[in-house]
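S.K.: Predicted model and sequence follow; I will ask about them next.
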Amino acid sequence: MKNIIHNMQLYFSFFEASLKEVLIYRLDCIAGMISQIVTQLVSIIFVWITYQNTDNLAGWTFKQSLLLYGIMLTSIGLVDLCFDSLYDIGPKYIREGTFDKILLRPVHPLISIIGESKAFTAFGYLGLGLFITISMLAKLAIPITFVLILKIIFFSIIGAAIIGAIITIFSISSFWTYKSNEIIWTFFRMYTFTQYPIEIYNGFIKFLITCILPFAFVAYYPTMNYLGIDKYMTWLSPIIAIILWIIAVNVWNWALKKYRSTGN
């Protein structure tokens, strides 16, 4: 436990340093946030168009689907904020030889890499996600209590941890292909399945995003909980996050042993 706390302290130290570095270019950061917000607004328009042809999707109304979308977007913002540098392991750290320098640090290399995330434009996702979530809770007449706010914060962080663990697992491909970004992106984008109620998918897709790549626990089950439809499944999320991170760290350590310097 002491080692975990120490690693978390190191991570936040790296994170703070990266934040200060990015904020030097404030205009660039603001432009990035605006572009992300515009991108998501286009996706929301697509959801709205879908509901122009139907009253509900598998029993979910437009407002309920938007709440689901907002919950997912909040977690995605946290993922981009905290784990964006994993995309660079192959093309930046390993291919350019920077990874060898990281190995000389008295800290686990995974902590160093994650701590160097600089996608602070993710605040655009995070802000829009929270805005949509709060707006839809109000429109659905769901009382916004202190307990509910704590639950939203807690499960948004847990959701980000689940996606972060999945990204970490697939980032090990960098040690062989040097192109982690394409492989990570392929599996990461599966989260889009859970921007809609999973009832609209067939059995295979449901099994995939619930049991194999458990994106359903990022937003779908928390949203069911907030709507009062399902009170229990979402509480499996922390357990799933812990299990995934145990797998991620062990798989990453195994892959690290296979690492061979590029010779740069």
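M.R.: Nice, thanks for sending it over.

S.K.: Tell me how many other residues surround residue 197.
M.R.: By other Cβ atoms under 10 Å, the residues close to residue 197 number 18. Where you see a C-beta, it was placed from the backbone N, CA and C, and this is true even at glycine.

S.K.: In the protein, what residue spans correspond to helices?
M.R.: 2-22, 26-51, 62-83, 98-103, 109-115, 123-139, 146-170, 174-177, 180-188, 203-207, 220-226, 237-257 (DSSP state H).

S.K.: could the ones you listed go into a markdown table alongside mean neighbour count and mean pLDDT?
M.R.: Shown next, in a markdown table, are those (neighbours: other Cβ atoms under 10 Å; pLDDT from 0 to 100):
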| stretch | mean neighbour count | mean pLDDT |
| --- | --- | --- |
| helix 2-22 | 13 | 66 |
| helix 26-51 | 13 | 76 |
| helix 62-83 | 24 | 90 |
| helix 98-103 | 16 | 83 |
| helix 109-115 | 20 | 83 |
| helix 123-139 | 19 | 89 |
| helix 146-170 | 19 | 93 |
| helix 174-177 | 19 | 81 |
| helix 180-188 | 17 | 75 |
| helix 203-207 | 11 | 90 |
| helix 220-226 | 24 | 93 |
| helix 237-257 | 15 | 93 |
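
S.K.: now residue 148: how far from residue 175?
M.R.: Separation of residue 148 from residue 175 (Cβ to Cβ, to the nearest Å): 43 Å.

S.K.: will you turn the helices of the chain into TSV that also has distance to residue 89?
M.R.: Conversion of the helices of the chain to TSV gives the following (distance: least, Cβ to Cβ, whole Å):
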stretch	distance to residue 89
helix 2-22	15
helix 26-51	22
helix 62-83	11
helix 98-103	7
helix 109-115	6
helix 123-139	22
helix 146-170	10
helix 174-177	4
helix 180-188	5
helix 203-207	29
helix 220-226	29
helix 237-257	10
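
S.K.: between those, which one is nearest to residue 195?
M.R.: Closest to residue 195 of those, according to Cβ to Cβ: helix 62-83, at 5.5 Å.

S.K.: Show me what the closest one is packed up against.
M.R.: When contacts are defined as 3 or more Cβ pairs under 8 Å, 6 or more residues apart in numbering; DSSP states H and E, helix 62-83 packs onto helix 26-51, helix 123-139, helix 146-170, helix 220-226.

S.K.: One more pass at 6 Å, please.
M.R.: Helix 62-83 sits against helix 123-139, helix 146-170, helix 220-226, with contacts defined as 3 or more Cβ pairs under 6 Å, 6 or more residues apart in numbering; DSSP states H and E.

S.K.: Contacts for the shortest one next, please.
M.R.: Contacts with helix 220-226, where a contact means Cβ atoms under 6 Å, 6 or more residues apart in numbering, come from 67, 68, 71, 155, 194, 198, 230, 231, 233, 234.

S.K.: Now for those residues: which two are most distant?
M.R.: Spatial extent of these (Cβ to Cβ) is set by the pair 194 and 231 at 19.1 Å.

S.K.: The two - which one has more neighbours?
M.R.: More crowded of residue 194 and residue 231, by other Cβ under 10 Å: residue 194, with 26 against 9.

S.K.: Just confirm that one contacts residue 217, I think it does.
M.R.: No: at 8.9 Å, residue 194 does not count as touching residue 217 under the criterion of Cβ atoms under 6 Å.

S.K.: center of this protein - which residue?
M.R.: Centroid-nearest residue in the chain, with Cα atoms, centre = their mean: residue 79, separated by 3.2 Å.

S.K.: Stretch 132-145: end-to-end distance?
M.R.: 17 Å (Cα to Cα, to the nearest Å).

S.K.: contact partners of it?
M.R.: 63, 66, 67, 70, 71.

S.K.: Ok, stretch 55-67 next?
M.R.: 51, 132, 136, 139, 140, 197, 199, 200, 223.

S.K.: Ignoring the adjacent residues along the chain, who's closest to the last one?
M.R.: This points to residue 223. The shortest distance from residue 223 to any non-neighbouring residue, by Cβ to Cβ, 6 or more residues apart in numbering, is to residue 68 (4.5 Å).

S.K.: Likewise for the first one?
M.R.: By the measure of Cβ to Cβ, 6+ apart, the closest residue to residue 51 outside its immediate chain neighbours is residue 62, 4.3 Å from it.
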